[in-house]
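Undergrad: dropping a prediction and its sequence here:
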Amino acid sequence: MSRLAHQSRRIAGVQQPVIPLVSRWVASTPGTISFGQGVVAYPPPDEAVDAAKRFGSDLLDHRYGLVEGLQPLIDALEDKLARENGIRVRPDSRVVVTAGSNMGFINATLAILEPGDEVILPVPYYFNHEMAVVMFGAKAVTVPTTAEHQLDVDAIRRAFTPRTRAVVTCSPNNPTGAVYPEADLRAVNALCRERGAFHIHDEAYENFTYGAARHFSPGSIDGAGAHTISLHSFSKGYGMASWRVGYMTIPERLWDAVNKVQDTNLVCPPAISQRAALAAVRIGAGYARPHLTGLNRVREIIGRTLLAADVPCSAPEPLGAFYYFVRIHANLDPVDLVERLIREHRVAVMPGVAFGATDGCFVRLSYGAIDERAIAEGVSRLAHGLRAIAGAVAR
Ligand SMILES: Cc1ncc(COP(=O)(O)O)c(C=O)c1O
């Protein structure tokens, strides 16, 4: 083989991103209702868009900025973290603005991992977490979660080895919608502290909880700042996915390493997106709140209709994010199932294998961007498709 055709062995070992594959099937099947990508239907705050429109009148707007982000945004984020998350940033930690929270994960893990190090990931995981770990030549050590998609803290404890560098948790969870109780997150955080590992906690869906579920930030625990990395996003709560802006709280002593990574990778977060983010964060969590009523209605419709007795599938009730992670009661290849649901029934979901769920056939439904008028039709297509495809081979 020509040397030019050779790709890095580390990268060759990374799973193929699943969203582009499903998106191609959707694009070639007009009229598909998509429960695919995890985005919200609503736009960013007007104030954020207006801030972007005002951007550019000052020559300095067009120069490189600080690696860690604009100081007024960092100040506003520190206030937000104290007010909404109970995270007191200084002196043990600091805020770094990133081009989306995926980049936060990448820049933080690149700063701490040696090849061969281990990172514990409860399954199902958010695929980009696993992909990044593998990309860096580290080992993703997967541990099961409970049938309710909750953390199994004992399984996490047992998975520790001398090479464990970090445990990654995500709550509210993608892909399951599970919200982890405070006690479990405290237990994982304490375990990491005891064993000298980092607790990386992804809070991209912090604004999306329903019913009695409450969001908890492990970074708020006394003494957590020195070993906790908290990842936050503007993509979901503020509807700003394309703006590529997020932030993380990192232990202060990691700053030197993260500074090197982010300086090389990004130089500085895009200034126009940071200005928009500053306007958005001043509005706060209240921006997403009015949208939760509609999302909750959609969540309940899916629960009532899809999980009805005559559809061969089941899922625990998710109380967060905007996902259902559904077990299909049939021995099917989940990627084939997804392709057939799109091509034969014009409804798209994500295959559970992308999230590491190999113990059965699972699919993820995202209902964040489905409008209430399309939901009945979408769920009815899915129920019909699952009865037709999975019913034929149901166990
Ligand atoms: C758990 C989780 N973290 C991070 C992201 C990406 O966030 P961002 O757009 O800020 O990079 C997503 C997007 O789906 C997600 O589900």
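TA: In hand now; what should we look at?

Undergrad: I'd say Gly69 and Leu266 touch.
TA: No. Applying CB atoms under 8 Å, one finds Gly69 not in contact with Leu266, separated by 10.1 Å. C-beta: built from backbone N, CA, C; applies to glycine.

Undergrad: let me know the next secondary structure element after the helix or strand hosting Glu130.
TA: Using DSSP states H and E, Glu130 maps to helix 127-135. As assigned by DSSP H and E, the chain's next helix or strand after helix 127-135 is strand 139-144.

Undergrad: helices and strands around that following strand, which ones?
TA: Applying 3 or more CB pairs under 8 Å, 6 or more residues apart in numbering; DSSP states H and E, we find strand 139-144 packed against strand 118-123, helix 127-135, helix 153-159.

Undergrad: surely Pro270 is in contact with Arg244?
TA: Yes. Taking CB under 8 Å as the definition, Pro270 is a contact partner of Arg244 at 6.7 Å.

Undergrad: intersection of neighbour lists for these two?
TA: Here Pro270 and Arg244 share the contacting residues Ala99, scored by CB atoms under 8 Å, 6 or more residues apart in numbering.

Undergrad: ok so, going back, so is the helix holding Glu130 next to the ligand?
TA: No. Helix 127-135 stays out of contact with the ligand when judged by CB under 6 Å from any ligand atom, the minimum separation being 6.7 Å.

Undergrad: that helix: how far from the chain's middle?
TA: Computed by CA atoms, centre = their mean, to the nearest Å, the chain-centroid distance of helix 127-135 equals 12 Å.

Undergrad: export that helix to CSV, keeping only CA atoms.
TA: Only the C-alpha atoms of helix 127-135 are listed here, as CSV (Å, rounded to 0.1, in the frame of the first residue of the first chain):
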residue,chain,number,x,y,z
PHE,A,127,-19.8,8.4,21.4
ASN,A,128,-17.4,11.3,21.0
HIS,A,129,-16.1,10.7,24.5
GLU,A,130,-15.1,7.2,23.6
MET,A,131,-13.8,8.3,20.2
ALA,A,132,-11.5,10.9,21.7
VAL,A,133,-10.1,8.5,24.3
VAL,A,134,-9.3,5.9,21.6
MET,A,135,-7.9,8.6,19.3
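
Undergrad: tilt between that helix and strand 118-123?
TA: In terms of direction (axes from the mean of the first three to the mean of the last three CA atoms, to 10 degrees), helix 127-135 departs from strand 118-123 by 150 degrees.

Undergrad: in helix 127-135, what counts as buried?
TA: For helix 127-135, burial by neighbour count (16 or more other CB atoms under 10 Å) applies to 127-135.

Undergrad: same question for stretch 250-265.
TA: 250-251, 254-255, 258-259, 261-262.

Undergrad: do the same with stretch 143-160
TA: Within stretch 143-160, the residues that count as buried by 16+ other CB under 10 Å are 143, 145, 149-151, 153, 155-157, 159-160.

Undergrad: for the stretch 151-300 of the chain, which segments count as helices?
TA: 153-159, 182-195, 255-265, 271-283, 289-305 (DSSP state H, counting those that start in this stretch).

Undergrad: for the longest one, packing partners?
TA: Read it as helix 289-305. For helix 289-305, the elements it packs on are strand 323-328, helix 372-389, judged by 3+ CB pairs under 8 Å, 6+ apart.

Undergrad: off-centre distance for stretch 330-347?
TA: Chain-centre distance of stretch 330-347: 24 Å, with CA atoms, centre = their mean.

Undergrad: state the mean pLDDT of that stretch.
TA: Averaged across stretch 330-347, pLDDT comes to 96.

Undergrad: residue contacts, the nearest residue to Trp25 once chain neighbours are set aside?
TA: The shortest distance from Trp25 to any residue other than its chain neighbours is 4.6 Å, reached at Ile342 (CB to CB, 6 or more residues apart in numbering). Counting by CB under 8 Å, 6+ apart, Ile342 makes contact with 22, 25-26, 29, 32, 348.

Undergrad: could you report the neighbour count for the residue of the chain found nearest the ligand?
TA: Going by CB to the nearest ligand atom, the ligand is nearest to Gly100 of the chain, at 2.8 Å. Look at Gly100: counted by other CB atoms under 10 Å, it has 23 neighbours.

Undergrad: over to it: give its phi and psi.
TA: phi 90, psi 150 (degrees, to the nearest 10).
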